[in-house]
Structure formats: C-alpha cells, structure tokens
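[1] what follows is a predicted protein model with its sequence.
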Amino acid sequence: MPINLNGRSLLTLRDFTPDEISYLINLSLNLKVKKRSGIRGSTLEGKNIVLIFEKPSTRTRCAFEVAVFDEGGNVTFLTNSQMGVKESIEDTAKILGRYYDGIEFRGYQQETVESLASHAGVPVWNGLTDMYHPTQILADLMTMHEHLKKPFRNMKLCFIGDARNNMGNSLMIGAAKMGMTFTAIAPPSLFPSEDIVNYSRQVAAETGAVIEVTDDIGLGVKGSDAVYTDVWASLGEEDKLAERITLLQPYQVNTALMNKTGNSETFFMHCLPSFHDTNTQIGTTVKESHDLDSMEVTDGVFRSRQSVVYDQAENRMHTIKAMMVATCGNL
Ligand code: CP
Ligand code: NVA
C-alpha cells in the first residue's frame, strides 16, 4: 500500500506506523538534498500555516517558518491570542481551521493540541507539549540514520537524565516503533510512567525493539551507538531546577560516562537548548549557586567530534518540512 499522509495530524508518534515514520524520514532526506542544491519548491504554494506558541522556542519556530518559505507557503506566528483566555480551544480551532491549511501548537497541555486537532478540520502538529515532542524525534531518527549507516533495528540508543519528560517519552516511543534497543537511564523518581513503558513494550513486541529502564548508568550506556540527554528541568519546571541538580548530577554526560559505553565512536545527542557552559543567564546563576560549569553535559562532550547536536538541529527543518508537505502539501 502506498503511504498517503494527506490530512493527518502529528500529535504524538503513537499516531504513526513504522512505515509512515520511515516515509517521512525518506522524504526529509530528499528535501535536504533539494535545499542543499538551492532548489526552491512549490509543495506548500498557496498554503497558509499558523504557528501557536505558548512556550519559547528558537529551532521549532524557525524550522517551521523557513520550511514554509522554502516551499512557497505563508506563515502567521501567533502569540497572545484569545485562545484559552477569552475563547475556548474548540472555537479557536474551528476558526483557524477556516483560515489555515495547517496548525502548529507548542505549549503545556497535550490535551490542548489534541483538542485543536479534534475541531480544526486541518492537520495539527505538536511542536512540543509537557508530554511529547514528536517532531524532534523525526529529526533525531534522521540524524541517526545519516550517521550510523545501519538499520534502526541494529541501533542502540540510551537517554539519560529526566527520563519522564517530553523527550524521554517521545524517544522511547520512537525507538520502539523503529525496532531499536532503547534504555532510559534515570534515578527511580524520574523513571518514565508505566503507561509509556507498557505502550512502548507492546509496540516492541511487534517491531523487535528492546525497551529497558534502569538507574544503573554503567549497565545502561554499555554498547550504546548514541547517548542522548536533555535539560534537567524542562520549560515550565524552572522552580524544580535546584532539586534536579542534586538528583541528576551523577547522571551528567561527561567523558567518564561516554567511556562507559565501551565504544569510542558513540555519538552524543541533545535536542537543545543545552546548559553545556555558563554562557546563558540560567547557566551563570547556577554557576553562582552551585559552582557548576555545566549541567546535563560537559562542554567537552558537547563540542567533541562525536557530538551531532547541530546536525539534529538542522534536521528539524528538513523533517518539519517533510511533515507539512506530506500532510497538507501539493504532492
Ligand atoms: N529542540 C527544540 O525544540 O528547540 P526550541 O525549543 O528552540 O524550539
Ligand atoms: N524537555 C525540554 C525540551 C526542549 C526542546 C523542554 O520541554 O523544555
């Protein structure tokens, strides 16, 4: 059966089959070649896209905007709208669905993006919620495909840190869908929920994936093709940073941890933004309060030859473009 994603939303990777994810990665690879060749496209010509952001963003917003411009469409960046304040999500969705061909939402509640999708009548894409960050995982899978040059079913990925955040949840589901070996490494209080683990293991039973959760760093990272981490306190959790620093300092990705993989070629991955130095307002504050030069990853690992973080960031644009083209474009 040929894959046809026209009209589909992407709210979580639960919504997509392994074949559909592979299709989006292949389309992204083609669009990357097209962009690098300087070819402007028309697959979004005549399409109007609205980007709703309740939380800050650099990559996601810019990736959506550039992707739309590259393929001939138009965007509206919407902040401080009436949505949820003076107007229900349902009414907002029904109205935006009459103006626009696609809606991106970044914010707090997963229910908000689900509700937008139920009522808009056009594709809705999750640009990050507290629960999931599915467009990031498309970019991460594409990056692993490019660098590791072997089938997903032969890849081992570990995620270390706050394993119950949007990245931990989404990577586990993405790995399960693609048949990978995936280990979440965290202190037990930050283990992913039973719901996410059980769902991922059900998927794994069909795809051949292996899904593990452990607080044993040495065991978890051993043999990994890639070590992935994320900030210790996600957007909206800033008040938890002090307690997370105490909890997660032993889980920092540093040279000693990378050496525990037993593989000198293991890649380092991060969705960004990252506290790998003190050149940020928060990094400076943490330096003063805790005398730390970095948090989830040291500057040395972040800048090392194994680090693929900027490739991941670039691939956000190609994968987001592929998702829009596939779901609302002129294919
Ligand atoms: N990785 C990511 O989503 O980055 P932004 O928060 O800058 O969009
Ligand atoms: N877990 C992070 C991801 C940022 C891309 C956050 O939600 O802030």
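    Ah, there it is. Ligands and ions are numbered 1, 2, ... in the order given.
[2] so where do the strands sit in the stretch 151-300 of the chain?
    Under the criterion DSSP state E, counting those that start in this stretch, strands of the stretch 151-300 of the chain are mapped to 156-160, 181-185, 210-214, 226-229, 267-270.
[3] and those: which comes nearest ligand 1?
    Proximity to ligand 1 (CB to the nearest ligand atom) singles out strand 267-270 among the strands of the stretch 151-300 of the chain, at 8.7 Å. To be clear about C-beta, it is placed using only N, CA and C from the backbone, and glycine gets the same treatment.
[4] tell me the contacts of the nearest residue to Leu10 once chain neighbours are set aside?
    Excluding the flanking residues, the one nearest Leu10 by CB to CB, 6 or more residues apart in numbering is Trp125, at 5.0 Å. Residues in contact with Trp125, defined by CB atoms under 8 Å, 6 or more residues apart in numbering, are 9-11, 102-105, 135, 320, 323-324, 327.
[5] turn those into CSV, including distance to Met167.
    What follows is the contacts of Trp125, written out as CSV (distance: CB to CB, whole Å):
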residue, distance to Met167
Ser9, 20
Leu10, 16
Leu11, 16
Gly102, 24
Ile103, 23
Glu104, 18
Phe105, 18
Thr135, 12
Ile320, 16
Met323, 18
Met324, 22
Thr327, 23
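[6] out of the residues you listed, the closest to ligand 1 would be?
    Closest approach to ligand 1 among the contacts of Trp125 (CB to the nearest ligand atom): Thr135, at 7.9 Å.
[7] the closest one - that's part of a helix, no?
    Yes - Thr135 forms part of a helix when assessed by DSSP: H, G, I helix; E, B strand; the rest coil.
[8] tell me who's in contact with it.
    For Thr135, the contact set (CB under 8 Å, 6+ apart) comprises 10, 60, 125-128, 316, 319-320, 323.
[9] give me the pLDDT for it.
    The model reports Thr135 with a pLDDT of 98.
[10] distance of it relative to Phe16?
    Distance, Thr135 to Phe16, by CB to CB, to the nearest Å: 12 Å.
[11] so what sits against both of these two?
    Both Thr135 and Phe16 are contacted by Leu10, under the criterion CB under 8 Å, 6+ apart.
[12] what is the neighbour count of Glu238?
    Residues contacting Glu238 under the criterion other CB atoms under 10 Å number 9.
[13] next one: it from ligand 2, what distance?
    Using CB to the nearest ligand atom, to the nearest Å, Glu238 is found at 10 Å from ligand 2.
[14] could you do Ala120 as well?
    23 Å.
[15] same check, this time on Gln82
    Taken as CB to the nearest ligand atom, the span from Gln82 to ligand 2 is 25 Å.
[16] residues contacting that residue?
    Thr92.
[17] again, only this time at 10 Å
    Taking CB atoms under 10 Å, 6 or more residues apart in numbering, we find Gln82 in contact with 88, 91-92, 95.
[18] got a winner among the residues you listed for most neighbours?
    When neighbours are counted by other CB under 10 Å, Thr92 leads these with 23 neighbours.
[19] which residue comes closest to the residue nearest the centre of the chain once chain neighbours are left out?
    Nearest residue to the geometric centre of the chain (CA atoms, centre = their mean): Gln136, 2.3 Å. Using CB to CB, 6+ apart and skipping residues adjacent in sequence, the residue nearest Gln136 is Cys271, 5.0 Å away.
[20] now Lys156
    Take Lys156 and drop its neighbours on the chain: the residue closest to it by CB to CB, 6+ apart is Thr181, 4.3 Å away.
[21] again, but for His290
    Nearest residue to His290 in three dimensions, chain neighbours excluded: Ile245, at 5.7 Å (CB to CB, 6+ apart).
[22] for Ala93, same thing?
    His119 (3.7 Å).
[23] could you pull up phi and psi at that neighbour?
    Per-residue torsions, His119: phi -110, psi -10 (degrees, to the nearest 10).
[24] for burial, what's the neighbour tally of it?
    Residues lying near His119 (other CB under 10 Å) number 18.
[25] residue contacts, it?
    88-97.
[26] ok, Thr207 next?
    By CB under 10 Å, 6+ apart, the residues touching Thr207 are 17-18, 152-153, 175-180, 200.
[27] per-residue pLDDT, it?
    At Thr207, the model reports a pLDDT of 98.
[28] separation between it and Glu146?
    Computed as CB to CB, the Thr207 to Glu146 distance reads 21 Å.
[29] point out the residues in this structure that sit beside ligand 2.
    Residues of the chain lying close to ligand 2 by CB under 6 Å from any ligand atom are 128, 133, 165-167, 230-231, 234-235, 271.
[30] which phi and psi does the residue in the stretch 151-300 of the chain that ligand 1 sits nearest to have?
    The minimum distance from the stretch 151-300 of the chain to ligand 1, using CB to the nearest ligand atom, falls at Cys271 (4.1 Å). Main-chain torsions, Cys271, degrees, to the nearest 10: phi -80, psi -20.
[31] next, count neighbours for it.
    25.
[32] ok, it touching Gly161?
    No - if you go by CB atoms under 10 Å, Cys271 and Gly161 don't touch, sitting 11.2 Å apart.
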